[in-house]
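Visitor: Can you look at this prediction? I've put the sequence above it.
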Amino acid sequence: MAGVIPPRLEWLLPPPVLDPPAFTGFGRPVATLLARRGFSTQADLDAFLLAGRASLHPVSLMADADTALERLGLALDRGERIAIWGDYDADGMSAVAVWTIALRALGAEAVRHVPSRLADGYGLSRAGLDRLAGMGVSLVVTCDCGVVNVTEVAHARAIGLDLIVTDHHLPGPELPPAVAVVDPHRPDCAYPDPDLTGAGIAFKLAAELARRRGASVPDLAGVAAIGTVADMAPMTGESRAIVRLGLEELATTGRAGLRALLARACEHPEQPTARDLAYAVAPRVNAAGRIDEAELAISLLLEEEPEAAARLADALEEVHRRRRALTLSALSAAREMAASDDGRGPLLLRHDEWAPGIIGLVAGRLADDLARPVAVAVLVGEEVRGSVRAPEDFHVASALEACATFLTKRGGHAGAGGFSLLPAAWERFADAFRALPRPYPAGAPAAPREANRVIVDLVLPASHLGWSLAAELDRLAPYGPGHLEPIVAVTGLRVGDARRVGPDARHVALRLLRGAETVDAIAFATPAERPVPEEGVSLDVVGTLERDTFQGQPRLRLQVLDYATADASPLLARRRAARAAPTSQAVPLRVGEGLPAAS
């Protein structure tokens, strides 16, 4: 018998909000959540919920944007050959597709150049620029790269190429000598929202170029939304607006390639969500650049003929399956390697047999699991290449800059980055990276996240767990960094049934009862030693509330992060406090905080 089951994680419960503002269309529980997230007026909330074209800032506010647009306009007028140089991740590939669609609509067929992850590595290269010059290209627009390629841009100028650099990574101490450098992280750029991705910047510039030339081009926001979500842009500000606009475009797009991609990735391709983009669409697009060639995914994003789109989508699906198998194998080995290091500082792993394209995924998964910065590296030819992912208190691009002495290439932003170095410098780089403190840089405001903690956004009685609550939470989507999907702690549930399911019985499926009603729940990747709750016991759970379809029928489901029997629950003290409080205090606590009345 399982008996008493304590929580596996530490539940960090939110402080009470006794008098949340009233927001139209939201009950008290979600109003409490909104108050915690800083919303105090209906106007502020409406601006957030309805983010769209009116939320976008004039692109002219971005340093060098007008110069870039003028040079592009001149190239179109002269009939110059234009090349788009991208990156092999979903953000870079989406940006290439955005530019290609826009320039086609304006009468120009751009040359697309995306380096091979294996043969070329990240960023600009002299060899690639030489090839473009030999093809008669006179203007190159970079996407999601270029801001640290000072010597390569200087080489381009020397061979007669004009470059427009568009990037969102942290610049180095010197900007490249390009015609224009459009990067909101430039120290002299006062753009109001610096958190755009490479695809987001491509969308802003390409849409403005089309507008100035009297054209309206469909699908730009839809493609840019894929890159924006894939690169984990904050779901606030302009990135939120781009994703909302993009989801509207994707729902009605007539582009055959996008329709084929959505059909294979989404349960409801006619109504894709940001969750679909993050967990189904972006991984497929990324797979091409990770273990195949990026051109496969770019061609699919651009394809307009249904039969060709179907063939490309099937080919990408196969690449995606191979990528998943490689990732699972490498991740298993990486976890074994990490098990011997139980510190909290930066973790550095190297395994030269891993596929270079999946090391970013391995670093990301470990960074999430261990709540610490993780760098994963592999030998590629004559250089070591690595990817870094990190929690909020560790700025990856700044960390790589601190280790620049040992690196031949580096780039990134706050949460992610990449680097290259010669094998002879590996040990010195490893020592320097592992020695970096947390937080980094010193004085960073974010507190280190702990791997054994879950931050609860809202505490609810089971009586509030229903379709209306799910609908209200859906209205707050899209979720992402800066606006995470709310984690709720639910009390007052009973177990109708619980059992282990899935490969190796890794998951626990639960049928939970609130009165006579049933709520399905699933606790993924539950450790084998974790007890399964017995039928009939009172259970408190922490997780996210989802709406999905099962066997053709809509259902509510809790995705459970942790559970505990009521007598061992972190919510026990709150329940007791609510019962002990005078009625005048207990009612707002009961309704606003989700604490049940004494029974």
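Guide: Good, I have the coordinates.
Visitor: make it CA atoms for all contacts and neighbour counts henceforth
Guide: Noted.
Visitor: Could you name the specific helix or strand carrying residue 562?
Guide: strand 553-565 (DSSP states H and E).
Visitor: who touches that strand?
Guide: 4-9, 466-467, 470, 519-524, 533, 537-549 (Cα atoms under 8 Å, 6 or more residues apart in numbering).
Visitor: tell me the contacts of residue 9?
Guide: So residue 9 contacts 452, 453, 454, 562 (Cα under 8 Å, 6+ apart).
Visitor: Tell me which of the residues you listed fall in strands.
Guide: 453, 454, 562 (DSSP state E).
Visitor: that older thread, in its sheet, what does the strand holding residue 562 sit against?
Guide: In the sheet, strand 553-565 lines up against strand 517-523 (parallel), strand 538-550 (antiparallel) (DSSP bridges).
Visitor: coming back round to it: buried subset of the contacts of strand 553-565 as a PyMOL selection?
Guide: In PyMOL, a selection of the buried entries from the contacts of strand 553-565 looks like this (16 or more other Cα atoms under 10 Å):
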select buried, resi 4+5+6+7+9+470+519+520+521+522+523+524+533+537+538+539+540+541+542+543+544+545+546
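Visitor: quick one: low-confidence parts of the stretch 101-250 of the chain?
Guide: Applying pLDDT under 70 to the stretch 101-250 of the chain flags the ranges 118-121.
Visitor: need the strands for it, in chain order.
Guide: 111-113, 139-143, 162-166, 180-182 (DSSP state E, counting those that start in this stretch).
Visitor: ok, back up a step: how about the strands paired with strand 553-565, which one is nearest residue 178?
Guide: Each of the strands paired with strand 553-565 was scored for nearness to residue 178 using Cα to Cα, and the closest is strand 538-550 (46.7 Å).
Visitor: now the closest one, how far from the centre of its chain.
Guide: 22 Å (Cα atoms, centre = their mean, to the nearest Å).
Visitor: outside of it, which residues touch it?
Guide: Contacts for strand 538-550 (Cα under 8 Å, 6+ apart): 456, 470, 485-495, 554-566, 569, 571.
Visitor: Give the ChimeraX command for selecting the buried subset of those residues.
Guide: Burial among the contacts of strand 538-550 is assessed by 16+ other Cα under 10 Å; the matching ChimeraX selection reads:
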select :456,470,485,486,487,488,489,490,491,492,493,494,495,556,557,558,559,560,561,562,563,564,565,566,569,571
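Visitor: What is the nearest of the ones in strands among the contacts of residue 9 to residue 461?
Guide: residue 562 (16.3 Å).
Visitor: Bridge partners for the closest one, pull those for me.
Guide: Beta-bridge partners recorded for residue 562 (DSSP bridges): residue 542.
Visitor: rewinding a little: now the strands paired with strand 553-565 in JSON lines, please, with extra columns for mean pLDDT and distance to residue 238.
Guide: Formatted as JSON lines, those follow (pLDDT from 0 to 100; distance: least, Cα to Cα, whole Å):
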{"stretch": "strand 517-523", "mean pLDDT": "93", "distance to residue 238": "34"}
{"stretch": "strand 538-550", "mean pLDDT": "89", "distance to residue 238": "26"}
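Visitor: out of these, nearest to residue 162?
Guide: Using Cα to Cα, the strands paired with strand 553-565 put strand 538-550 closest to residue 162, at 49.6 Å.
Visitor: What does the residue most central in space within the chain show for phi and psi?
Guide: For the chain, residue 232 is the residue whose C-alpha lies nearest the centre (Cα atoms, centre = their mean; 2.5 Å). Taking degrees, to the nearest 10, you get phi 60, psi 50 for the backbone angles of residue 232.
Visitor: for it, what are its contacts?
Guide: Residue 232 makes contact with 480, 481, according to Cα under 8 Å, 6+ apart.
Visitor: Checking the closest residue to residue 45 other than its chain neighbours next. Helix, strand or coil?
Guide: The shortest distance from residue 45 to any non-neighbouring residue, by Cα to Cα, 6 or more residues apart in numbering, is to residue 39 (6.1 Å). Counting by DSSP: H, G, I helix; E, B strand; the rest coil, the backbone at residue 39 sits in coil.
Visitor: From residue 167, how far out is residue 133?
Guide: Distance, residue 133 to residue 167, by Cα to Cα, to the nearest Å: 22 Å.
Visitor: which of those two has more neighbours?
Guide: Neighbour totals were compared for residue 133 and residue 167, and residue 167 leads with 29 against 19 (other Cα atoms under 10 Å).
Visitor: Check the contact between that one and residue 149; I expect there is one.
Guide: No - assessed by Cα atoms under 8 Å, residue 167 is found out of contact with residue 149, at 11.1 Å.
Visitor: which is the next helix or strand following the host helix or strand of residue 313?
Guide: Element membership of residue 313, judged by DSSP H and E, is helix 306-338. For helix 306-338, the following helix or strand on the C-terminal side (DSSP H and E) is strand 347-350.
Visitor: packing partners for that next one?
Guide: In terms of contacts (3 or more Cα pairs under 8 Å, 6 or more residues apart in numbering; DSSP states H and E), strand 347-350 is packed against helix 306-338, strand 374-380, helix 426-434.
Visitor: Just checking: what are the partner strands of that strand?
Guide: strand 374-380 (parallel).
Visitor: Show me what the following helix or strand past the partner strand is packed up against.
Guide: Using DSSP H and E, the helix or strand that follows strand 374-380 towards the C-terminus is strand 383-389. Contact here means 3+ Cα pairs under 8 Å, 6+ apart; on that basis strand 383-389 packs against helix 359-370, strand 374-380, strand 416-421.
Visitor: Out of those, the one nearest residue 218 is which?
Guide: Closest to residue 218 of the helices and strands packed on strand 383-389 is strand 416-421 (Cα to Cα; 30.6 Å).
Visitor: Pairing partners for the closest one, with directions?
Guide: strand 383-389 (antiparallel), strand 409-412 (antiparallel).
Visitor: Need the winner for burial among those strands.
Guide: strand 383-389 (a mean of 25; mean count of other Cα atoms under 10 Å).
Visitor: buried ones in whatever helix or strand comes next after it?
Guide: Remark: after strand 383-389, the chain's next helix or strand is helix 396-402, criterion DSSP H and E. For helix 396-402, a neighbour-count test (16+ other Cα under 10 Å) marks 396, 397, 398, 399, 400, 401 as buried.
Visitor: same question for helix 396-402, mean pLDDT?
Guide: Across helix 396-402, the average pLDDT comes to 93.
Visitor: Only alpha carbons, please: show it as CSV.
Guide: Below are the C-alpha coordinates for helix 396-402, written out as CSV (Å, rounded to 0.1, in the frame of the first residue of the first chain):
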residue,chain,number,x,y,z
VAL,A,396,25.1,32.9,-22.2
ALA,A,397,26.4,35.5,-24.7
SER,A,398,28.2,37.4,-21.9
ALA,A,399,29.6,34.1,-20.5
LEU,A,400,31.1,33.2,-23.9
GLU,A,401,32.5,36.7,-24.3
ALA,A,402,34.3,36.2,-21.0
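Visitor: That helix - contacts with which helices or strands?
Guide: Using 3+ Cα pairs under 8 Å, 6+ apart, helix 396-402 sits against strand 409-412, strand 416-421.
Visitor: what sits up against the first one?
Guide: Spelled out, it's strand 409-412. Against strand 409-412 from outside (Cα under 8 Å, 6+ apart): 148, 169-170, 396-397, 400-401, 404, 417-421.
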